[in-house]
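next come a sequence and a model predicted from it.
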Amino acid sequence: MKKLLLLPIFVFLISFSLFAKGVTISVALSPAGSFEAKAKSVKGTIKVNGDSVSGSNLYVKTKSLKTGMDLRDEHLIKKLEYKKHSKIIVKKVVGKSGKGTALFSIRGIEGKVPFTYKKVDSKYMKANFTISLKAFKIEGVSYMGAGVKDMIKLEAYVKYK
């Protein structure tokens with residue numbers, strides 16, 4: 001009986017630890033709907049010094065992004081030009097007191113993106129970004145009458161030390 005009660009707790013802890021190491025990109029569609037693209041991990045580490053954070057060269061492999069639909073995955077990585085740009089890179093991160101800026105490189109195009117962050121445990125922090133696709137020259141994304149809205153939300157769990 002005790003083993004049956006522990007199973008849901010064990011499953012929850014495993015799923016949380018897998019989720020906590022990854023990235024979730026929330027994409028709104030027009031006229032309606034949405035989807036998420038996920039990657040299991042962010043490579044790289046953030047350094048914490050008091051209430052300040054810094055880091056460089058964090059990345060997610062472009063082909064690691066999964067939406068749950070193979071065709072949409074193919075369209076996504078093609079739009080991100082994965083053959084030329086195998087990674088989505090955060091070249092520089094600077095933050096203080098829960099707010100900061102990150103210099104992203106998406107498809108070889110650089111842009112500063114503000115973000116908020118907080119520690120979630122002794123190893124990981126969560127960062128939230130709102131990114132304009134137009135700023136990275138990603139436009140006209142549509143399929144069968146549903147188009148991607150310009151602003152996407154990105155949530156990343158990143159190791160810190």
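Okay, I see it.

switch to C-alpha atoms for all contacts and neighbour counts from now on
OK.

what's in contact with stretch 34-51?
Identification of contacts with stretch 34-51 by CA atoms under 8 Å, 6 or more residues apart in numbering yields 18-19, 21-29, 53-60, 64-68, 96-98, 156-161.

and if you look at stretch 154-161?
So stretch 154-161 is contacted by 20-26, 41-48, 123-131 (CA under 8 Å, 6+ apart).

any idea which strand is longest in this protein?
When the chain is parsed with DSSP state E, its longest strand is strand 146-160.

tell me how far it lies from the chain's centre.
Its chain's C-alpha centre lies 5 Å from the corresponding centre of strand 146-160 when counted by CA atoms, centre = their mean, to the nearest Å.

so what's the residue count around residue 139?
Around residue 139 there are 15 other residues, counting by other CA atoms under 10 Å.

same deal with residue 144?
5.

how far away is the closest residue to residue 98 other than its chain neighbours from residue 143?
Nearest residue to residue 98 in three dimensions, chain neighbours excluded: residue 117, at 4.9 Å (CA to CA, 6 or more residues apart in numbering). Separation of residue 117 from residue 143 (CA to CA, to the nearest Å) stands at 34 Å.

and residue 52, by the same measure?
42 Å.

kindly export the helix or strand hosting residue 105 (C-alpha atoms) in PDB.
Per DSSP states H and E: residue 105 is located in strand 99-106. Extracted in PDB, the C-alpha atoms of strand 99-106 (Å, rounded to 0.1, in the frame of the first residue of the first chain):
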ATOM      1  CA  LYS A  99      15.600  41.900 -13.700                       C
ATOM      2  CA  GLY A 100      18.100  41.900 -16.500                       C
ATOM      3  CA  THR A 101      18.900  41.900 -20.200                       C
ATOM      4  CA  ALA A 102      20.100  39.100 -22.400                       C
ATOM      5  CA  LEU A 103      21.800  39.400 -25.800                       C
ATOM      6  CA  PHE A 104      20.200  36.700 -27.900                       C
ATOM      7  CA  SER A 105      21.500  35.400 -31.300                       C
ATOM      8  CA  ILE A 106      18.700  33.800 -33.200                       C
END
